[in-house]
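J.: Dropping a prediction and its sequence here:
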Amino acid sequence: MASGLLVLCLGVATRLVEYYQGHAKTYEAGVTLGRATDTYDAVGQTVARTSIPSLTEAAVQDALAAFRGQIVQKPPVYSALKQGGESLHRKVRRGEAVDVAPRSVTIHGLKLLSFVSPDQIFLWIRCSAGAYVRSLAHELGQALGTVAHLSYLRRLEAGPFSVADASIPPTIERAAGAGSLSDLLVTPGAGLGMPCLIVSEEEQGRLGHGQKIYRDHSLPSEEGRVQDPPFLAAIYDRRGRFLGIARALAADGNGSGTIWKAEKWLAQQLI
C-alpha cells in the first residue's frame, strides 16, 4: 500500500542523514472510511467498524480545511518514534501500554483529488518532517463522523528530490552488478537546502582543525533573505567541492559579520 521515493545515503553521505530528514515531504494518499485499524493503515488489525454518513464532496472539502497549516497531531503508537531509547512499535507489540504526546506539525498543502462515494477519499499532501499521513487519515475519519484508515500512500517528493528522478530497485541491482552504481548517485551534499559558503584553502584548514573563521557578511537563505545566526551552511572550496557543514555563530564586535565553526566535516573522507 506504500510506494514512492526513498532517499538513501551511502558511504560517507550517511553522516548527512540527519540533515536530509528535516525536509518537507509530498504524498498522494488514499483514505478509506468506515474501518479503523490499530496502525491507522490498511495492514493493521481492525479495531472498529462504523457506518458512514451520507457525504458530499463539499462536506469533505469543509473537513479538510481544519487540517491545513500548523496543526496538533497525535502520532500512531505503531511508529518508529522512540521512548526510553526504544521504538514505540516494539513496546506495543510486547503488550506494553504506550502513550504518545500530540505534537505540532505543518500541513503546507492539502488538496482533495477525488471523492468516490461513499468511502474513498484521495488526497495530495505537502507536509513538514514529522507529520504522519496515517494520523491525518485517522483524524479525518473522525471529523467526518465515522472512522477511517490510510489505504494507499505514495511519496512523490522529499525536499528537492522527486520520485520522477529516482532509480527503481531492478536498475540499482543491475548497476551494482555491473560495477557502475556510482553512475546513479548524486554528489554528497546535493539537495541539502542550505545556504552555501565558499572558503579559501586557509579557511578550509582552520575549519578542518576545529578552529573558527570570521566572515564580514551574512549569507542569504534559499529564499534570498539574510539570516541571523545561528544557522547552518554547506561549505565548498573554490573548485566547487563539498567539504561539510558549518554553523554560523553570533559574531563579535559590532555584529556585522559572522563567526563559523565546522559541525560535520567530511573533507578528508571525500578526497
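T.: Structure's in. What do you need?
J.: ranges for the helices of the chain?
T.: Ranges of helices in the chain, per DSSP state H, are 17-20, 57-64, 88-93, 133-143, 169-177, 201-208.
J.: And the last one, what's buried?
T.: Neighbour counts using 16 or more other C-beta atoms under 10 Å place Glu203, Gln204, Arg206, Leu207 of helix 201-208 among the buried residues. Any C-beta I mention is one placed from the backbone N, CA and C, and that applies to glycine too.
J.: Tell me, how many residues neighbour Ser54?
T.: For Ser54, the neighbour count with other C-beta atoms under 10 Å is 7.
J.: got a list of what the residue lying closest to it once chain neighbours are set aside touches?
T.: Once flanking residues are discounted, Ser54 sits nearest to Pro118: 7.5 Å by C-beta to C-beta, 6 or more residues apart in numbering. Residues near Pro118 by C-beta atoms under 8 Å, 6 or more residues apart in numbering: Leu33, Ile52, Ser54, Leu55.
J.: and the last one, what are its phi and psi?
T.: Meaning Leu55. Main-chain torsions, Leu55, degrees, to the nearest 10: phi -110, psi 150.
J.: From Ala66, how far off is it?
T.: Between Leu55 and Ala66 the distance is 15 Å, computed by C-beta to C-beta, to the nearest Å.
J.: Mind checking which of those two has more residues around it?
T.: Using other C-beta under 10 Å as the criterion, Leu55 and Ala66 rank with Leu55 on top: 18 against 12.
J.: mind listing what the nearest residue to Arg103 once chain neighbours are set aside touches?
T.: Nearest residue to Arg103, sequence neighbours excluded (C-beta to C-beta, 6+ apart): Gln73, at 6.6 Å. Neighbour list for Gln73: Pro102, Arg103, Ser104, Val105, Ala131, Tyr132, Ser135, Leu136, Glu139 [criterion: C-beta under 8 Å, 6+ apart].
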